[in-house]
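Participant: heads up, no residue letters with this:
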């Protein structure tokens, strides 16, 4: 504290500069006046008294100098002097300064914005009490090697009652609902949660209460709202607690509102949650099989590994107790990893790329400093010659770098907010925790620390170059202080090329991966197709016949709309998420062979679906309107036919499905394989059942139109509203958009890496060109002599280019190693291209070597063109 | 005979200046006169070291100055003891007493 006030005082003294000097002068003069007056009073003559007083005082200027030192302001004055001087130097070299400031700002802005996003998604602690102890518990299917499977009600209860490692366990299941208390029915995503859920997370309601154990009773009707939903639907009305809310035709009572800061965990099939209902085990949901998500809190003394081990033991015990659990075990993952695991690699890779870009930017600033120092060799040498100590010279150069860096960082900081905004607008919709991305203290401190580190690095480079330039400068014999700076230049060139190569390879791999992802034949045609979901409620939803009749009427009216080519139904559209899957087997395998079986995704479709999505029929036929009775028919995909009846005709075969407690179906057709999840997940066997035979209240309506599919949506809505005003149309997307969305994260990564690589290549090119051309122009004299002595142009050019290429090759070699490391760490992002893809490496390396050659050729040719005499004189 | 305070005892000069300001704020020349007067004309401050010492003490925060006008109407600086200076003064007095006693013992030893 005392030190701070002391430096503040010193600083103020320096700032007041002139008046301080003046007052010292006044003070000393007055002292002498008093002394003279006293001596006169004692009887000395005035002249002699003045002389004596001055003599006694000692040298006035000497005293002043001593006094100045005693004020302790010398160091402040030095720093301010250095700063003034630095500002002058930077202003005089406005071109270099602007380039360096902008380059540094670019590096800071890009790295800072990415860091902000990565910090928000991956590093910021989850906003729950003691979030490190929260875990997600899954069932694990050993034979199918599926380690994160949803959980059955019975197993959840068994875990909850028998485990020794958790303080609490809560089950969750998404529950989409329809709200009809306005004019327009609205489809809202909610979730059923165990009544202990909010307390497990350690969040308390903003208004009202959360659930208590009694809410799980069948006759209770509590609902808790999210803050966003409360604001949107009720305008933030605080009297909402206790009010009734019609949800899917049933009245509920609003028990409470969660705070705005509550980020409900999103994972698995749990997405946006606007309201929460108490989850209770019922005879029906016990029969649904596995569908629950489970969150638990570790006991304080239990580690994740312990919990894992104990739960696996419990899982083994349960597997031996019941046939339903045969082949099942337990997986325990931390909640943070569960939520962010999918995007972790992509974000880390993007952050790494931003880091590399930052390295290039800093190296570039260093090359600019290098050229600045070369230009100032004479000035620095002069300063040194007239007595500046190495220390003072060093500090002065540091101050210049520091000032430059501070300007760059300041500009960079102003780009952080727009940068983060741009990133957020580009970010794929499935990135979790986007709401926790904000610019706050940890980010700013982090970015400032990185900026300081960078300033230290290029400051050290500048100081070292400047000093050696000053030391080795010989005014007459040797105007180019070539030794040390040239070695430094070579290092900078190699660094730039290495880092640019790594970034270039990362981007090329990602572009190639994205291209092959987009080139995947999905098995259906997306253009001109729009899909929307309809969940029927009310009396018409009660019997299968009325459900079927409703959708028939709906489709009839949709088909009558202008521009509609065809319209069909499917239980879940392709790329629309997981649907049910079933075990399918051929009961009549020849004697002695093992029963062939396959796990097949099941989709219920109507007669027009295959035609609407243009899924080619390979053999047999698809459903017609006569499916209502008799043996149910099934249409299977080609990979299912291959799996069950390899090299045999599947048509007419009978098939046993585990669905509906086991049914026998007859194969009537084989269709082309279709990607149901996304283009990365390999095709799986699909069994299509007839919607006519097995109607449901919820279906996707798929419509193929002429022209823009999005334009049909309003008329679809009005057709539905005319038929059933309380039923909303939701999840409305065109199929191209839907497909796009599944590759959104690849597009995000590809775009950012390509942008970084382009900037890196540009910066690298400029930096390399700067260093090499300044080197070549230093050799003008040598080139002049060689030419004058009769060297052939080609020989000289070869000589210069060879030197540049040797340096660039060092960079390419180092960069290839770096790139290989980066490529392996991004392996899980790559699709259809290996991390060792030779083409990508060759392409980028060739481009960079070409760049280095051009950077050399331009100044070399210039040097050759000028007359040898001129360059000799000049040199 | 007037004795100059040797540089060796620079700390002593600090003590004298602080002590001279203990009763009332003074300007530079008055400080040197006050020290002379308090020591019954035994000690006189070398003018050349007075001002650097004043600036150093000010930098340490033990004394503070403010501009004032002399009776003749000239702009001068008047120094006063700060709270920190008062604390420092009592430290310095203790240290001096300790030191002087030690010297006494040495001198009185037989």
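Facilitator: Good, I have the coordinates. No experiment lies behind these values; they were computed from the predicted model shown.
Participant: quick one, longest strand in chain A?
Facilitator: Assignment by DSSP state E gives strand A:166-179 as the longest strand of chain A.
Participant: mind listing what's buried along that strand?
Facilitator: A:166, A:168-179 (16 or more other Cβ atoms under 10 Å in any protein chain shown). Heads up, the C-betas are built off the backbone N, CA and C, glycines and all.
Participant: partners of the following helix or strand past it, with directions?
Facilitator: Next along the chain after strand A:166-179, taking DSSP states H and E as the criterion, comes strand A:186-193. Strand A:186-193 sits in its sheet next to strand A:166-179 (antiparallel), strand A:275-278 (parallel), going by DSSP bridges.
Participant: I'd like the next helix or strand past strand A:186-193.
Facilitator: With DSSP H and E, the next secondary element past strand A:186-193 is helix A:197-201.
Participant: which bits of chain B sit near chain A?
Facilitator: B:27-29, B:32, B:46-49, B:51-56, B:58-61, B:67, B:70, B:72, B:74-77, B:84 (Cβ under 8 Å from any Cβ of the partner chain).
Participant: derive a PyMOL selection command for the buried subset of those.
Facilitator: Buried members of these, defined by 16+ other Cβ under 10 Å, are picked up in PyMOL with:
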select buried, chain B and resi 27+28+29+32+46+47+48+49+51+52+53+54+55+56+58+59+60+61+76+77
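Participant: low-confidence ranges in the stretch 251-400 of chain A?
Facilitator: By pLDDT under 70, the stretch 251-400 of chain A contains no weakly predicted segment.
Participant: would you map the helices across it?
Facilitator: A:283-286, A:304-321, A:335-375, A:377-385, A:390-414 (DSSP state H, counting those that start in this stretch).
Participant: format those as a markdown table; extra columns: mean neighbour count and distance to chain B.
Facilitator: Below are the helices of the stretch 251-400 of chain A laid out as a markdown table (neighbours: other Cβ atoms under 10 Å in any protein chain shown; distance: least, Cβ to the nearest Cβ, whole Å):
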| stretch | mean neighbour count | distance to chain B |
| --- | --- | --- |
| helix A:283-286 | 11 | 76 |
| helix A:304-321 | 16 | 55 |
| helix A:335-375 | 23 | 36 |
| helix A:377-385 | 17 | 29 |
| helix A:390-414 | 20 | 22 |
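Participant: what about residue 41, how many neighbours?
Facilitator: I went with chain A, as the question did not name one. When neighbours are defined as other Cβ atoms under 10 Å in any protein chain shown, residue A:41 has 9 of them.
Participant: oops, wrong one, chain B.
Facilitator: Residue B:41 has 11 nearby residues by other Cβ under 10 Å.
Participant: report the secondary structure element holding it.
Facilitator: Here residue B:41 is assigned to no helix or strand, by DSSP H and E.
Participant: dihedrals phi and psi, it?
Facilitator: In terms of degrees, to the nearest 10, the main-chain angles of residue B:41 are phi 70, psi 10.
Participant: and the pLDDT for it?
Facilitator: Looking at residue B:41, its pLDDT reads 80.
Participant: again with the one 3 residues further on
Facilitator: At residue B:44 the predicted local confidence, pLDDT, stands at 78.
Participant: circling back to that earlier point, tell me the mean pLDDT over the longest strand of chain A?
Facilitator: 89.
Participant: buried set for the helix or strand containing residue A:96?
Facilitator: Assigning secondary structure by DSSP H and E places residue A:96 in helix A:94-118. If you call a residue buried by 16+ other Cβ under 10 Å, then helix A:94-118 has these buried ones: A:96-97, A:99-118.
Participant: does anything pack onto that helix? Which helices or strands?
Facilitator: Using 3 or more Cβ pairs under 8 Å, 6 or more residues apart in numbering or on different chains; DSSP states H and E as the contact test, the elements touching helix A:94-118 are helix A:335-375, helix A:390-414, helix A:416-426, helix A:441-472, helix A:744-778.
Participant: repeat that with 10 Å
Facilitator: helix A:74-92, helix A:335-375, helix A:390-414, helix A:416-426, helix A:441-472, helix A:744-778 (3 or more Cβ pairs under 10 Å, 6 or more residues apart in numbering or on different chains; DSSP states H and E).
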